[in-house]
Each structure stands twice: as structure tokens, then as C-alpha cells.
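Engineer: Build the 3D model from these lines:
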Amino acid sequence: MSIVKSAIIVVGIAFVVALGACASKPILNVNDAPISTGKNLQASQVRQAIVTAGAALGWKVVDVKPGLLEGTLHLRDHTAVVEIPYTTSKYSIIFKSGVNLNEKDGLIHKNYNGWVQNLEKGINAALASQ
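Structural biologist: Below is the predicted model of the structure:
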């Protein structure tokens with residue numbers, strides 16, 4: 001095989017890998033995640049766990065109304081906004097809007113789901129420490 005053909009193959013493979021790296025994924029929403037700490041938490045404790053976990057991960061979490069928070073994450077040129085409804089027994093993380101996340105037809109930037117999974121893990125850890 002000639003050097004030119006080898007170079008074309010390498011460039012082609014690199015192009016395909018680069019396209020895959022930009023791929024969109026189905027939007028991950030966390031729906032009604034149970035709060036099972038074995039303790040009877042107050043709504044204020046659930047709220048504080050969510051706010052604390054979000055802040056530790058770079059999310060700005062603000063109150064919308066009782067039982068509903070809004071989280072905003074700015075990373076580089078991306079912004080994700082989620083709604084976080086909660087009760088003393090469950091919470092959800094629902095995609096609301098985004099900037100530079102290529103959200104379309106139920107798909108979103110591949111990194112978004114990781115951000116939501118990290119937030120969910122952080123909330124669960126903060127709830128467990130209550």
C-alpha cells in the first residue's frame with residue numbers, strides 16, 4: 001500500500017472518529033428518583049441537599065416556587081438549564097433549555113447526560129448525609 005493511500009485511510013478514520021465524538025444522545029431526564037435514606041426528611045432538607053450538590057458541581061440552583069428548583073450549568077460555551085421538582089419522597093431532573101447543546105428531536109450534546117448523571121449522584125450523596 002502506498003504512503004498516500006495509508007495517509008488517506010488514516011485521515012478518513014480520524015474524520016469518522018471526530019464525527020462520532022460530536023454525536024448527540026437521547027436527552028436524559030431523571031423522573032421521580034426515590035429518596036430512600038431511611039430517614040424522614042423535611043422538604044427544606046431535600047431542597048438544601050439539591051442546592052448543595054448542585055453548587056459542588058458548578059450548577060447555580062435557585063428557587064422557582066416551593067417544591068421546584070431551577071439549575072443552570074455554564075461550561076465553556078455551553079449552558080444547560082434543568083427543572084428540579086422535589087418532595088420529601090422523590091425528585092426529578094428535567095431538561096428545560098440549553099445553549100450550544102444542539103437539542104433537537106429529543107437528542108442533545110453527548111456531554112449533557114453526564115452532567116445530569118453527576119448531579120443525580122451528587123444529590124443522592126447529599127441526601128444520604130442528611
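Engineer: lowest-confidence helix or strand of the chain?
Structural biologist: Across the helices and strands of the chain, mean pLDDT, DSSP states H and E gives its lowest value to helix 3-21, namely a mean of 45.
Engineer: wait, what's in contact with the residue nearest the centre of the chain?
Structural biologist: Against the mean C-alpha coordinate of the chain, by C-alpha atoms, centre = their mean, the closest residue is residue 116 at 1.9 Å. Residues near residue 116 by C-beta atoms under 8 Å, 6 or more residues apart in numbering: 28-30, 82, 93, 95. Yep, even glycine has a C-beta here, placed from its N, CA and C like the rest.
Engineer: what helix or strand is it on?
Structural biologist: Element membership for residue 116 (DSSP states H and E) is helix 112-128.
Engineer: and that helix, which residues are buried?
Structural biologist: Buried residues in helix 112-128, defined by neighbour count with 16 or more other C-beta atoms under 10 Å: 112-113, 115-116, 118-120, 122-124, 126-127.
Engineer: State the number of residues packed around the nearest residue to residue 42 once chain neighbours are set aside.
Structural biologist: The shortest distance from residue 42 to any non-neighbouring residue, by C-beta to C-beta, 6 or more residues apart in numbering, is to residue 88 (6.8 Å). Neighbour count of residue 88, defined by other C-beta atoms under 10 Å: 14.
Engineer: For residue 88, which phi and psi angles does the backbone take?
Structural biologist: As for residue 88, its main-chain torsions (degrees, to the nearest 10) stand at phi -80, psi -10.
Engineer: Wait, it touches residue 44, no?
Structural biologist: No. Using C-beta atoms under 8 Å, residue 88 is not in contact with residue 44; the gap is 9.7 Å.
Engineer: what residue ranges in the chain score low on pLDDT?
Structural biologist: Within the chain, the segments meeting pLDDT under 70 span 1-22.
Engineer: Next, count neighbours for residue 106.
Structural biologist: 10.
Engineer: surely it meets residue 28?
Structural biologist: No. Residue 106 is beyond contact range of residue 28, at 10.7 Å (criterion: C-beta under 8 Å).
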